[in-house]
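Visitor: Take this sequence and fold it.
(chains A and B)
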Amino acid sequence: MLIDRTALADLALGAAFLGSGGGGDPYYGQLLGEAELARRGAVEMIALDALADDALVVPCGWIGAPTVSVEKLPSGREAIAGLRRLEQIFGRPIDAVMPIEIGGGNGLAPLFAAAQLDVPVVDCDGMGRAFPESQMAIFNIRGLSACPSVLTAACGALTVIETDDNLTHERVARALSVALGGIAHMVEYPLTGRQAKDHAIGGSLSTAIAIGAAIREARARGDDPFVALCAALRGSGLYPHAGVLFDGKIVDLERETRGGFSIGRLAIESFDGQSRMDIEFQNENLIARRDGEVVAMVPDLITVMDRETADSITTERLKYGQRVKVVGSAAPPMLREARALTFVGPAAFGFAEDYRPIEQLNAWDDL
Amino acid sequence: MRGHEVVAWTKQPTTAEVSLGVAAAIDAVLTQAGVQAQAISSVMIGTTHFANALVERNRLDKVGVLRLASPSGEALPPMTGWPEDLAACVGRHVYLLRGGYELDGREISALDADAVRQAARDLRGRGVDAIAICSAFAPINADMEERAAAIVRREHPRASVSLSHTLGRLGFIERENATILNAALTTLAAAVIASLEQALHAIGVEAPLYISQNDGTLISATQAAATPVLTIGSGPTNSMRGAAFLTGVKDAIVMDVGGTTTDIGVLSNGFPRESSIAVDIGGVRTNFRMPDILAIGLGGGTRIHLAPELYDADDLGADSFRVGPGSVGFRITEEGMLFGGATLTASDVAAAQGHVRFGDPSRLPPLSPQVRAAIWTRFQTILEDGVDRMKTTRGDATILAVGGGAFLIPDALKGAARVIRPPHAGVANAVGAAIAQVGAQVDHIIDYAKVARADALQAMRDEACGRVVAAGGDAASAHVVEVDEVYLSYLPGRAAQVRVRAVGDLVGGRAPVAPIAESGARHAY
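Guide: Residues are numbered from 1 along each chain as shown, chains lettered A, B, ... in the order given. Next comes the predicted model:
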C-alpha cells in the first residue's frame, strides 16, 4: 500500500487515538510528512511477511516533550543522520524502517525517514499504543537489545549509545534529550527481519490508517464517528474489543506529585449529573473508574475524545469544561501476556490493582 | 453609553468603505441622544473587516518572512500547510536564518546580524515592505526578535515589522502563521484605522479610538494598526461580554438565538470560556483563543418538517415531524408563513403558541393545540440539551437570552435557575466592545523542582498586572483572570508552561463612550 496525503491524514487521526492520551498531537508530524511527500512522493508500506529474515529493520521515533516539539521544530536531518550512522555500524544498508510506537506523533515519524532513505515502512510497531519509556517496547519485553542506538538533534549533535542494559539505555537517552533541548530523534532496537516478524506488533500501522479513515468517512457521511471508530478497532483483529466508556464533560482536573512523578486526575460528569468517571494519567491515561468501579486499565487503551468531532485530546490539552467521550479498547494481545504485564501492566505504573481485561470489566464478551 | 447605561443605539448596514457606515452610526446615536460630539470621551470599535480580508484574500500585502531558528525547523518552511492561493497572495519571500532559543533559554544559534541585514536589503530591493519575524521560544524571550527588527528598520526604513512575541504564544507554526497574516494586513489596517479616525474627526468626535481584541480587551487604534490580526475574532466575545455587562451577571450561559442557529457560550467571571480546539483563519491554523461556542440547529427561521395534512392532528407522534435541518435564515420575512410564505418555521410555531407577536398571525395555518405543543416542547428539549452540554457546574445556571430569536427561549427551562432578557440585547455586541478594559499576558516555562510553585505564580501575577498598567490600565483594578498550566510530559522534573492573563479598567474609561460593532459577517474566521 502507498501512503499518500490522505492516508497520512488518516494515520494522524488514528495514531492520536492509539496514543491513549499520550505521544503528543500528531499535527506537526503530519505537516512534516506532507512536506516530505510533496518533495518525494508517496511512501510504500509493506507487511511484516514481506521482510527477508536477514533484512535490517530499524524502529524510529522522537524522545522528549511533545510540548517542546511544537516550538523547537526539527531540522529534517535528524532521522537520516541517525540511520546513516547505524548503516555504518552494521556495514550494510537499512532495508526498512518502522515506528517504535504507533501512538501519537511517533506513529508518523518513520514516514519522513522512509521517504528520505527511500526504503519502505513496515506495517508494525513496537508498542501497539504510546508508552512513556523506551524499555516498555515489546522488544525489551522479549529480551532484545535496544543498542546500538543513535540519538540525533536539530543542532546536528549525534550520540551512539551502547549498553547491554535497556533500562540504562532509556536513562541515558532521556538525559541526552534534556541536554539537547527537550526533544531528540532516536533510532533503537535495530532488528533482523526474523526478529521483526517474531516480535513486532504487526498490522498496527495499517490499523491506525483504517481507524482514521473510519472516523473521516463517518464525519463526511454525517454518521456517528464513535460507532465507526469502535467497529474499525474490532475489525482490525489487533484491538478486538472497543467501546464508549463514558459521555460527559470535564468537571475537574488536577495534577499532583507522587514519588517524583507528576500524576494527573481527571473527573468527567455525565450530562444528567448522575454518573462520574475518574481517570488517572501520567503522560498517558492509565486507569479509568466509573462511579468508583475500574472499567479500564493499562495496557488497554483509554482515550478522551471531543464528543462532537471525535478528535483525540492528549493529556496536555485536557481542559476544564471540555465535552468529551471516553473510548476504551483492548490492547494488542502481545501486551497482555503475563511477562508483558510486568513491564506495562498496572503494577509498572504504581497501581495496586491486578490487571483485568477491559472486555471482562465491561462485560463486552457477551456482545 | 453613560457608565452602565445605554443612552442611545442604532444599527446601520455595513458599507464597502467601512468608515462611512461607522460615521453614519455615530451620527445617528448622537442625534438620538441629543449629545454633542465633543462630549464623547472614547469610541470603541469591534470589526470583522480584517477577518473578511483574509477569508476573501483581498487587499493583502506581500510579506517577507524572517525565521530565526535554524537549523531547527528547516524541515517545515514557513507557510507549510497553507492554502495555495493564500500563500501565493503573500508571496514566498522566506529567509531561514540562524537564531532562536532553546527551552532552557540557551541560544539555538547566535543571531546572524549580517544575514538579517542582507535579507532586509533584499526585501527592500523587491519592494516587499511588510516583514514578519519569528524566533523559537520568543514568547519566553523576545530579545532576538527585537534585535533583528532593529536591524531591519535600519536597512529598510519603509518596512512595517510584525514580531511573533507580540501576537501569540508557544506553538511555533501557529504563532508564525499569525505573524505572517498580521504582516499581510499591514497596509489595509493602516488605511482602515486612518479612515476611521478621519471619519470621526469629520463629525467632530475628537475622543481616542479603541479597537476590541479577540479576548474582549481593548487596544488603541495605533496599536491595532500594528497588530490587526489580534482583532479578527472579537464578534462572539463582544456579544457575550455585552450580555454580561447589560445584566451585571458574570457567570452564566449565554444563548444567542439567530435565524439559523442558537449559539451557546459560557461566561465565567465575565469572560467567555475559551475553546481548546485550534482555530483556522482563512484556512490557516492559529492558536488564538476564541470563545467555546456550541452552535445548535435551532433559530427563528428553522424549518419545521411536518406534512400539512397533520397540521390539525389530535395527536402528533415523535417521528411524524422534524425540527430542521434547514432554515430560511434572514429570508423569514418572505418565506415564513407569518409573512405569507410557504415554509413553516420555528417563528411561526412560536407565534401560534403566543410567545411572540410579529408578522400577520391570520396567515398562519390552523395548527391544532396538540401539534403546537408537541413542536414547542421539542424546541425546549433541543435548547435544554444544549444547556446541559455546556454546563460545567452542577445546579441550575443563569441563562442570558439574546439575539433576534430569543423568544424561542421560555422563561422556565430545565437546568436554568432563571432566564434573563437583557435590555438592548440586539446591540449586546457593541456594548461588549465598550467594556473599557485592557489586558496583558505573560508566558514562562518554570521548573517547579527549582522554584516553589506558589512563588513562581505570584511573580507571574505581579508581572501580568504590571503589564496591564503599562498598557494604560488602572493599577487598582488590575487583576488576574486566567492561569493556564501545561506540564511538560515525558521530561524529568516538574516543568510546566505557565500563562497568566490579567485585565484592568482603562484609565478614565468610564465616561460617556460610543461603542460600535461593525460586523459584515459573523464568525467569519
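
Visitor: residues touching residue A:180, list them.
Guide: Going by Cβ atoms under 8 Å, 6 or more residues apart in numbering or on different chains, residue A:180 touches A:64, A:151, A:153, A:155, A:157. (C-beta placed from N, C-alpha, C; glycine too.)

Visitor: which of those are close to chain B?
Guide: Restricting those to those near chain B by Cβ under 8 Å from any Cβ of the partner chain leaves A:64, A:155.

Visitor: any idea which of the contacts of residue A:180 is closest to residue B:169?
Guide: Comparing those against residue B:169 with Cβ to Cβ places residue A:64 closest, at 19.7 Å.

Visitor: what's the closest non-adjacent residue to the closest one?
Guide: Closest residue to residue A:64 apart from its sequence neighbours, by Cβ to Cβ, 6 or more residues apart in numbering or on different chains: residue A:183 at 3.6 Å.

Visitor: what's around that neighbour, how many residues?
Guide: Residue A:183 has 29 neighbours, counted by other Cβ atoms under 10 Å in any protein chain shown.

Visitor: Likewise for the one 4 residues further on?
Guide: In terms of burial, residue A:187 registers 27 neighbours under the definition other Cβ under 10 Å.

Visitor: Tell me which residues touch it, please.
Guide: Contacts of residue A:187 by Cβ under 8 Å, 6+ apart are A:58-60, A:79, A:82-83, A:86, A:149-150.

Visitor: what residues does the stretch 201-350 of chain A put near chain B?
Guide: A:249-251, A:255, A:257, A:262, A:264, A:269, A:271-273, A:283, A:306, A:309, A:311, A:313, A:315-317, A:319-323.

Visitor: what sits up against the host helix or strand of residue B:446?
Guide: Assigned by DSSP states H and E, residue B:446 belongs to strand B:437-447. For strand B:437-447, contacts defined as Cβ under 8 Å, 6+ apart pick out B:103, B:139-140, B:169-170, B:213, B:215-219, B:453, B:456, B:460, B:463-465, B:467-468, B:470-473, B:481, B:488, B:493-506, B:509.

Visitor: ok now that strand, how far from the chain's centre?
Guide: In terms of Cα atoms, centre = their mean, to the nearest Å, the centre of strand B:437-447 is found 19 Å from the chain centre.

Visitor: Okay, now the sheet partners of it, with direction.
Guide: strand B:495-505 (antiparallel) (DSSP bridges).

Visitor: In strands only, show me the contacts of strand B:437-447.
Guide: B:218-219, B:481, B:495-505 (DSSP state E).

Visitor: Tell me the buried residues within the contacts of residue A:180.
Guide: A:64, A:151, A:153, A:155 (16 or more other Cβ atoms under 10 Å in any protein chain shown).

Visitor: what's the closest of those residues to residue A:211?
Guide: The closest of the buried ones among the contacts of residue A:180, once distances to residue A:211 are taken by Cβ to Cβ, is residue A:64, at 26.2 Å.

Visitor: for that closest one, what are its contacts?
Guide: A:177-178, A:180, A:182-184, B:490-491.

Visitor: which of those residues has the most neighbours?
Guide: Ranked by neighbours (other Cβ under 10 Å), the contacts of residue A:64 are led by residue A:183, which has 29 neighbours.

Visitor: quick one: pLDDT of that residue?
Guide: Residue A:183 is assigned a pLDDT of 92 by the prediction.

Visitor: and stretch A:135-142, which residues are buried?
Guide: A:135-141.
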